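Chemist: My questions are about this predicted structure, shown below with the sequence.
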Amino acid sequence: MTDPVDRLLDAAESGKSLIKNRDILQTTYVPATIQHRDEEAKIVAQSLLPILKQSRPSNLLVYGKPGTGKTLVVKKVLSKIQERVKKSNFPIKLVYSNSIEETSLSGFLVSLGRQLGLTAKELPITGLALDEVFKRVLNKIDEGKLNTIFVIDEIDNLADLVAKSGKDVLYQLTRANERLKQGSITLVGISNTLTFKEKLDPRVISSLGEEEVVFTNYNPNQIKKILEERINEAFIDNSVEEGALNLCAAKAASVSGDARRAIALLRVAGEIAERQQSDKVKPKHVEEAAKKIEEDKEDTTLKSYTLHERLVMVAIMKANGSSTGEIYSTYKNLCKITRQEELTNRRITQMLSEIELDGLITGKIIRQGIHGRTKKHTLGTSITPKKIKKIYEKDLILQDIL
DNA sequence: CCTCCACAGGAACTGATGGCGT
DNA sequence: ACGCCATCAGTTCCTGTGGAGG
């Protein structure tokens, strides 16, 4: 009469684990060599040579779709340069920031400052004028005679923030060297789109785009090779079926050529296979993994929604396939039942397009002549009413309307 | 051919929040 | 204590639009 938990743990203990080194399957893991990217790595290194020679800061722009290894290559090259330069009296300070994680310009600048060693006291998250934050960051560099390399990932996002606020932080960054008596700033911008330049101030382009590197998409064969290398290191021998490997590569390549996705898919498939006590990772595990990743993503976005976003989701669920106007009145009804103050039409329209961006619903503009123009909103195929109910059933306010 | 519907979606504003500097 | 500066969710006001129906 064993406890079910014990039984589960016993099984897990005695069961073979297919994965021998989990870290290698993390997408943040930097492999010893980055395959198929020698050319690009060389260009990156080349354009950063001036720093190594201590002559002058030089900026660089890197393009490539997500999962093409651009960030990895840049990090790799930079850490090599840093290594070489360590012994000299010209140390380099690496600062990496991913703009997608920052919702505001000051947040971005503060994260740069923090990495330079400014404490919360010296550089508070909020309360300071942008110019003041900028000044403090520059002071730190000046005082410490720091030679900094700012790696700005997803720089497109930052460019959007700049455009929205009208504060030309990027321009100031490119010109900051003129304000520094000691130390220097080198910028490495990483962008997902080739067209993002159009969004930038031409003065920024001229100094930031001195050098450019383009990372092309991986093709299925390259993805397969990348996966093979990781499999060799992370899995025990002969534990991934050829068919599963091919499916991983094919799935990732067909969507985007995104190697990160392929690796994530492989990892989850491996975990599923282990849990099922399978002795090998099989194609069906990959299928299940793809489904699970998708569902997990949906669940977390659904959970991240605010009360009114949730109300809108429920409204769409109740009036699946109807127009903005109909959804709005359904939503207003729900507000009445739950005794919430209703938001304006405009805000709901905006929420609808935000939810669409999250991929949970699809909107289709339809024109009905004299009956005007509207958008029909439909739940995504994998977003069932059942799923929404399950996730929101714990929400006390929503209980009555589910 | 013109009109006019039912919204889409941009822009500018508001008010709360929050912490700094003096 | 008070003003300043920035962010954020939300509001107000607005202009734009393709085609069915007259």
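Modeler: Received the coordinates, thanks.

Chemist: Could you tell me how many residues sit around the residue in chain A that DNA strand C sits nearest to?
Modeler: Nearest residue of chain A to DNA strand C (CB to the nearest atom of the strand) works out as residue A:369 at 1.9 Å. Quick note: C-beta positions are derived from backbone N, CA and C, even for glycine. Look at residue A:369: counted by other CB atoms under 10 Å, it has 6 neighbours.

Chemist: For it, give me the backbone phi and psi.
Modeler: Backbone torsions for residue A:369, taken as degrees, to the nearest 10, come to phi 60, psi -120.

Chemist: Return the per-residue confidence for the closest residue to DNA strand B within the stretch 301-402 of chain A.
Modeler: In the stretch 301-402 of chain A, no residue comes nearer to DNA strand B than residue A:372, which is 1.9 Å away by CB to the nearest atom of the strand. pLDDT recorded at residue A:372 is 89.

Chemist: Equivalent analysis for residue A:314, please.
Modeler: 94.

Chemist: right, and it touches residue A:392 too?
Modeler: Yes: Residue A:314 is in contact with residue A:392 according to CB atoms under 8 Å; the separation is 7.1 Å.

Chemist: Need the overlap of contacts for the two.
Modeler: By CB atoms under 8 Å, 6 or more residues apart in numbering, residue A:314 and residue A:392 have these common neighbours: A:398, A:402.

Chemist: can you count the residues close to the residue of the stretch 51-200 of chain A found nearest DNA strand B?
Modeler: Residue of the stretch 51-200 of chain A nearest DNA strand B, by CB to the nearest atom of the strand: residue A:127 (2.9 Å). For residue A:127, the number of neighbouring residues by other CB under 10 Å comes to 8.

Chemist: Next, it: phi, psi?
Modeler: phi 100, psi -20.

Chemist: Report the separation between it and residue A:335.
Modeler: 35 Å (CB to CB, to the nearest Å).

Chemist: do the same with residue A:286
Modeler: Taken as CB to CB, the span from residue A:286 to residue A:335 is 44 Å.

Chemist: all helices of the stretch 251-400 of chain A, in order?
Modeler: A:259-275, A:283-304, A:307-318, A:324-338, A:345-357, A:385-392 (DSSP state H, counting those that start in this stretch).

Chemist: and if you look at the stretch 101-250 of chain A?
Modeler: Counting by DSSP H, counting those that start in this stretch, the helices of the stretch 101-250 of chain A are A:105-115, A:130-143, A:155-165, A:169-179, A:202-208, A:220-234, A:242-255.

Chemist: helices and strands of chain A: which one has the lowest mean pLDDT?
Modeler: Here the helix or strand of chain A ranked lowest by mean pLDDT, DSSP states H and E is helix A:4-14, holding a mean of 70.

Chemist: after that one comes which helix or strand?
Modeler: Sequence order places helix A:38-47 as the next helix or strand after helix A:4-14, per DSSP states H and E.

Chemist: Could you list the low-confidence segments of the stretch 101-250 of chain A?
Modeler: Scanning the stretch 101-250 of chain A for pLDDT under 70 picks out the ranges A:198.

Chemist: Repeat the analysis, applying 90 as the threshold.
Modeler: Applying pLDDT under 90 to the stretch 101-250 of chain A flags the ranges A:101-107, A:116-132, A:139-149, A:154-186, A:191-213, A:215-223, A:225-226, A:229-230, A:232-240.

Chemist: Please list the residues of it that sit near DNA strand C.
Modeler: Contact residues, the stretch 101-250 of chain A versus DNA strand C (CB under 7 Å from any atom of the strand): A:103-107, A:126-127, A:129-131, A:165, A:167.

Chemist: can we see that at 10 Å?
Modeler: Within reach of DNA strand C by CB under 10 Å from any atom of the strand, the stretch 101-250 of chain A has these residues: A:102-110, A:125-134, A:161, A:164-167, A:169.

Chemist: what number of residues lie near residue A:164?
Modeler: 10.

Chemist: cool, and residue A:89?
Modeler: By the criterion of other CB under 10 Å, residue A:89 has 7 neighbours.

Chemist: which ones are touching it?
Modeler: Residue A:89 sits next to no residue when contact means CB under 8 Å, 6+ apart.

Chemist: Shouldn't it be within a helix?
Modeler: No: secondary structure of residue A:89 (DSSP: H, G, I helix; E, B strand; the rest coil): coil, not part of a helix.

Chemist: name the element residue A:81 belongs to?
Modeler: With DSSP H and E as the criterion, residue A:81 is inside helix A:70-85.
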